[in-house]
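Asks: Quick check, what structure comes out for this input:
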Amino acid sequence: MSQPRDLDPCTIALHPIHDNEHRHVADRLVHRQHGDDDTETLAITARALAAAVYELGDTGLLGERLLFVTLPMAWITRPELLPTPARRLVIGIGDAPAVDDDLLHRLDEMRERGYRILMPAHRVMQAPDALLPRIDVAALASPDQLDPATLEQLDGHGIELLVENIGSASELARYQALGCNYYDGNYLAHPSFFASRPRGRHGNRAAQIRLIQALYEDDCDLQRLQELVVQMPHLHVAILRRANSSYFHRGGKEVIDLRRGMQILGLIELRRLMLTLTLANLQPSSRLVLRMALVRAFMCRNLAAPFPGLDPEDAFTTGLFSMMDALLEEDRDTLLAKLPLNSSIIRALTHRSGPLGAVLTLCEGHERQVEEMPDDPPPDQLHRCYMAALESTRALMSGL
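Replies: The predicted structure follows:
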């Protein structure tokens, strides 16, 4: 079996996009699009988005400008992976297949969540009846690509025009005469390049080091260990499996959760397990998806806290494991069949049933609605839980 290899530091380019009055209103993210397979393509895309949306966006570099992002179809088919905030993103599809019901469903789903869709003009005109109501921006390849009647048709649907690779004043003038909305090219401004810190393909190296350090401290804090473990999905699953095995859980019928599982295994077994997994390099989680999963998990825990009949830790586990298939890049049903989760969590994950299913559904619904909220949303209880979840996630992942 081939050994997993570390990826080079992720380098991205941000191309400034200007409006018709030469104002810098957006940026176009450019990065290496594809790997040798879908798994590597997803990993490359995750690192580029994490660098652009979270590392640069969280520092204010992007301000309130739009970000144009081209995503591979392997990413589009996983809507839970779409970055936020939706209102600031314009998404194109780099390897879009022929226009079919599946593609149209994906476009509808993204637009319902508040994303704007970019499509090459030539592709739009191959299926205008299907695509014109579903896109927001069309990319022109040349000033002569579309005739006046077609341009009028695009305008009638409120579709804006993007032109890339402008290289001269004469090209700019021709596109301006067409009434284009967005202009990108070296004639206007050169791109900026950014390199993120290398993390390796298979896990959060900083969190691994912190966990190993915590495991060997004289006064080992179980709560601190648990906070670090939830950042590494393979280790989380490995602890659950090991603690619920016949060797450690002899004769027990109750399913063991993470905290109890760590207590059962004990410090020596945790050290052995952690070192084995670290040396084997088995943690294929991305910072991007992990952040989204933790926000959901913390929000589920916050929502469950006021209800005496709900265990907040079960709610946290439900929220986290609702995205565990994306974190571990494994089919959900196959993954759930392997996990020793209690039946109420399984029902919540598979059918959204029971009290935990209701909490998860409420959380997912709020995630879809939050992108449409005004800058100062009303301070209702649901949104307070969401904001608290964001803060808990930031605190947990700070410095990583």
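Asks: helix, strand or coil for the residue lying closest to Ala121 once chain neighbours are set aside?
Replies: Once flanking residues are discounted, Ala121 sits nearest to Ala138: 4.4 Å by CB to CB, 6 or more residues apart in numbering. All C-beta atoms are positioned from the backbone trio N, CA, C, and that covers glycine. With DSSP: H, G, I helix; E, B strand; the rest coil as the basis, Ala138 sits in strand.
Asks: Isn't Ala138 up against His122?
Replies: No: using CB atoms under 8 Å, Ala138 makes no contact with His122, being 9.3 Å away.
Asks: So which of the two has more stuff around it?
Replies: Ala138 (29 against 13; other CB atoms under 10 Å).
Asks: Touching both of Ala138 and His122, which residues are there?
Replies: Common neighbours of Ala138 and His122, using CB atoms under 8 Å, 6 or more residues apart in numbering, do not exist here.
Asks: what distance separates the start and the end of stretch 305-325?
Replies: 26 Å (CA to CA, to the nearest Å).
Asks: gap between Ala348 and Ala337?
Replies: Distance of Ala348 to Ala337, given as CB to CB, to the nearest Å: 16 Å.
Asks: With Phe321 instead?
Replies: In terms of CB to CB, Phe321 sits 13 Å off from Ala337.
Asks: same thing with Asp19?
Replies: Taking CB to CB, one finds Asp19 at 52 Å from Ala337.
Asks: Neighbour count for the two, which is higher?
Replies: Asp19 (14 against 9).
Asks: Leaving out chain neighbours, which residue sits closest to the more buried one?
Replies: Counting by CB to CB, 6+ apart, Val25 is the residue found nearest to Asp19 once chain neighbours are left out, at 4.8 Å.
Asks: how many other residues sit next to the one you found?
Replies: 17.
Asks: Helix, strand, or coil at it?
Replies: Applying three-state DSSP to Val25 yields a three-state assignment of strand.
Asks: tell me the contacts of it?
Replies: Val25 sits in contact with Ile17, His18, Asp19, Arg65, Leu66, Tyr182, where contact means CB under 8 Å, 6+ apart.
Asks: Out of the residues you listed, the closest to Pro355 would be?
Replies: Relative to Pro355, the closest of the contacts of Val25 is Leu66; by CB to CB it sits at 39.9 Å.
Asks: re the thing from before, in contact with the residue nearest to Ala121: list those residues for me.
Replies: For Ala138, the contact set (CB under 8 Å, 6+ apart) comprises Leu118, Met119, Pro120, Ala121, Val124, Leu154, Ile159, Glu160, Leu161, Leu162.
Asks: gap between it and His157?
Replies: Relative to His157, and taking CB to CB, Ala138 is found at 10 Å.
Asks: again with Pro16
Replies: Applying CB to CB, the value for Pro16 to His157 is 27 Å.
Asks: Ok, Ala149 next?
Replies: 14 Å.
Asks: can you check Leu390 too?
Replies: 35 Å.
Asks: returning to that earlier point: next one, pLDDT for the residue nearest to Ala121 please.
Replies: At Ala138, the model reports a pLDDT of 95.
Asks: That one bridge partners, please.
Replies: Met119, Leu161 (DSSP bridges).
Asks: Give the helix, strand or coil label for Gly92.
Replies: Quick answer, by three-state DSSP: Gly92 is strand.
Asks: List the buried residues in the helix or strand containing Leu349.
Replies: Assigned by DSSP states H and E, Leu349 falls within helix 343-351. By neighbour count on 16 or more other CB atoms under 10 Å, the buried set for helix 343-351 is Ser344, Ile345, Ile346, Arg347, Ala348, Leu349.
Asks: A helix includes Tyr386, no?
Replies: Yes: checked against three-state DSSP, Tyr386 lies within a helix.
Asks: Report how many residues lie close to it.
Replies: 24.
Asks: before we move on, the earlier item: higher neighbour count, Ala149 and His157?
Replies: More neighbours surround His157 than the other of Ala149 and His157, with 15 against 7 (other CB under 10 Å).
Asks: Backbone torsions only: list them for the more buried one.
Replies: phi -100, psi 10 (degrees, to the nearest 10).
Asks: Can you check the pLDDT for it?
Replies: The model's pLDDT for His157 equals 94.
Asks: What's the separation between it and Asp136?
Replies: 9 Å.
Asks: Please, where are all the strands along this structure?
Replies: For the chain, strands defined by DSSP state E occupy the ranges 11-18, 24-30, 66-71, 89-93, 116-120, 137-140, 160-163, 182-184, 192-195.
Asks: Looking at those strands, spot the one closest to Pro308.
Replies: strand 89-93 (40.3 Å).
Asks: Show me what the closest one is packed against.
Replies: strand 66-71, helix 73-76, strand 116-120 (3 or more CB pairs under 8 Å, 6 or more residues apart in numbering; DSSP states H and E).
Asks: Try it again at 6 Å.
Replies: strand 66-71, strand 116-120 (3 or more CB pairs under 6 Å, 6 or more residues apart in numbering; DSSP states H and E).
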